[in-house]
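**Student:** need a structure here:
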Amino acid sequence: MHVDFYEAETNLAGLIDKVKAGDEVIITKDDIDVQLVVKPKRKKEPFPFGIMKGMKMVGWDDPLPPDIAEPFGMVDHDESTA
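**Tutor:** Residues are numbered from 1 along each chain as shown. Next up is the predicted model:
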């Protein structure tokens with residue numbers, strides 16, 4: 001179905017319904033044709049299980065490992081040598 005721009009402006013909702021029903025709608029303005037199409041919905045990819053396999057989860061209150069804490073002065077040297 002071909003319609004001119006001004007007809008499309010006044011009947012856009014109806015044209016969208018036609019496209020959703022499977023009809024082809026082409027809008028023409030100044031010798032340029034534009035086709036209305038339905039954009040397919042992308043399926044959301046499921047989160048892959050096991051992506052973090054082998055990684056250790058730590059809590060916010062857990063102490064940092066000594067090699068990371070030392071540059072920040074967070075290691076008590078008396079305890080690290082014991």
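
**Student:** In CSV, list the C-alpha atoms belonging to the top helix by length along the chain.
**Tutor:** In the chain, assigned by DSSP state H, the helix with the most residues is helix 12-20. Backbone C-alpha positions of helix 12-20 (Å, rounded to 0.1, in the frame of the first residue of the first chain) are rendered in CSV as follows:
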residue,chain,number,x,y,z
LEU,A,12,-0.5,7.0,11.3
ALA,A,13,-2.1,4.8,14.0
GLY,A,14,-4.2,3.0,11.3
LEU,A,15,-1.1,2.5,9.2
ILE,A,16,0.8,1.0,12.1
ASP,A,17,-2.0,-1.4,12.7
LYS,A,18,-1.8,-2.5,9.1
VAL,A,19,1.9,-3.1,9.3
LYS,A,20,1.4,-5.1,12.5
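
**Student:** Now find how far off-centre that helix is within its chain.
**Tutor:** 27 Å (CA atoms, centre = their mean, to the nearest Å).

**Student:** Show me the residue at the heart of this structure, geometrically.
**Tutor:** In the chain, the residue lying closest to the centroid (CA atoms, centre = their mean) is Lys44, at 8.6 Å.

**Student:** secondary structure class for it?
**Tutor:** At Lys44, secondary structure determined by DSSP: H, G, I helix; E, B strand; the rest coil is coil.

**Student:** buried set for the longest helix of the chain?
**Tutor:** Neighbour-count burial for helix 12-20 flags Leu15 (criterion: 16 or more other CB atoms under 10 Å). To be clear about C-beta, it is placed using only N, CA and C from the backbone, and glycine gets the same treatment.

**Student:** Pull out the buried residues from the helix or strand just after that helix.
**Tutor:** Note on helix 12-20: by DSSP states H and E, the next helix or strand toward the C-terminus is strand 25-29. Applying a neighbour-count criterion of 16+ other CB under 10 Å, one finds 25, 27 buried in strand 25-29.

**Student:** Then stretch 46-55?
**Tutor:** So, applying 16+ other CB under 10 Å, stretch 46-55 has no buried residues.

**Student:** can you give me the end-to-end distance of that stretch?
**Tutor:** Stretch 46-55 has an end-to-end distance of 20 Å (CA to CA, to the nearest Å).
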